[in-house]
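this is the structure alone, sequence omitted:
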């Protein structure tokens, strides 16, 4: 599809609330980043494909300090890098939006959800699964992307959830609906 942004997806993110992050947590994870050769275009320990933001900037998920942790890092054209939106636990699978924001998967609320981050401010907003908690009934659960990938289309992210259902999540509102079923 011409003009669509694609991202291959292949894992599930778990994590904690960004509100639990402290300045000392940020300092702990902002250690120097080792860059691989330019042809690889990845931060050391990168998970999956980077989200290209243009002008040589990109967002990458890289492994964290603890097992199972990953963080999103904003990598500048000169190779310097800093956490995009610090959080404890994994944030994964960044997908660049045409407006420069980044959609990603996170389990900050104990339930894997889609979030959107603004690299200019370092803030992240939950798009799906508001109020759901692990171990409680999930009445309005929106599954994360899986399988072949996701694309940005007319102000929404469209993806297969791995069961053949195609979901459409509006970026402005977080409203989700199933567009196709197997």
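Noted; the coordinates are in hand. Please read these numbers as outputs of a predicted model, since none were measured by experiment.

low pLDDT regions in the chain?
Along the chain, the parts satisfying pLDDT under 70 run over 1-44, 88-89, 147-148.

ok, which stretches of it are strands?
Here the chain has its strands, by DSSP state E, at 6-7, 46-54, 57-63, 70-75, 81-83, 91-96, 102-106, 113-118, 123-126, 150-153, 156-160, 166-170, 176-180.

residue 149 against residue 157, yeah?
No - Residue 149 lies out of contact with residue 157 (CB atoms under 8 Å); the separation is 10.5 Å. Where you see a C-beta, it was placed from the backbone N, CA and C, and this is true even at glycine.

which residues are in contact with the one residue sitting closest to the centre of the chain?
With distances taken as CA atoms, centre = their mean, the chain has residue 104 as the residue nearest its mean C-alpha position (1.7 Å). Residue 104 makes contacts with 13, 59, 61, 72, 91-95, 114-117, as judged by CB atoms under 8 Å, 6 or more residues apart in numbering.

sorry, back to before: residue 149 and residue 157: which has the busier surroundings?
More neighbours surround residue 157 than the other of residue 149 and residue 157, with 24 against 19 (other CB atoms under 10 Å).

so how far is residue 176 from the more buried one?
9 Å (CB to CB, to the nearest Å).

and for the two, which residues touch both?
Residues touching both residue 157 and residue 176 (CB under 8 Å, 6+ apart) are 168-169.

need the strands of the chain in JSON lines (columns: distance to residue 132).
Shown next, in JSON lines, are those (distance: least, CB to CB, whole Å):
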{"stretch": "strand 6-7", "distance to residue 132": "24"}
{"stretch": "strand 46-54", "distance to residue 132": "24"}
{"stretch": "strand 57-63", "distance to residue 132": "23"}
{"stretch": "strand 70-75", "distance to residue 132": "21"}
{"stretch": "strand 81-83", "distance to residue 132": "25"}
{"stretch": "strand 91-96", "distance to residue 132": "18"}
{"stretch": "strand 102-106", "distance to residue 132": "13"}
{"stretch": "strand 113-118", "distance to residue 132": "8"}
{"stretch": "strand 123-126", "distance to residue 132": "10"}
{"stretch": "strand 150-153", "distance to residue 132": "20"}
{"stretch": "strand 156-160", "distance to residue 132": "19"}
{"stretch": "strand 166-170", "distance to residue 132": "15"}
{"stretch": "strand 176-180", "distance to residue 132": "12"}
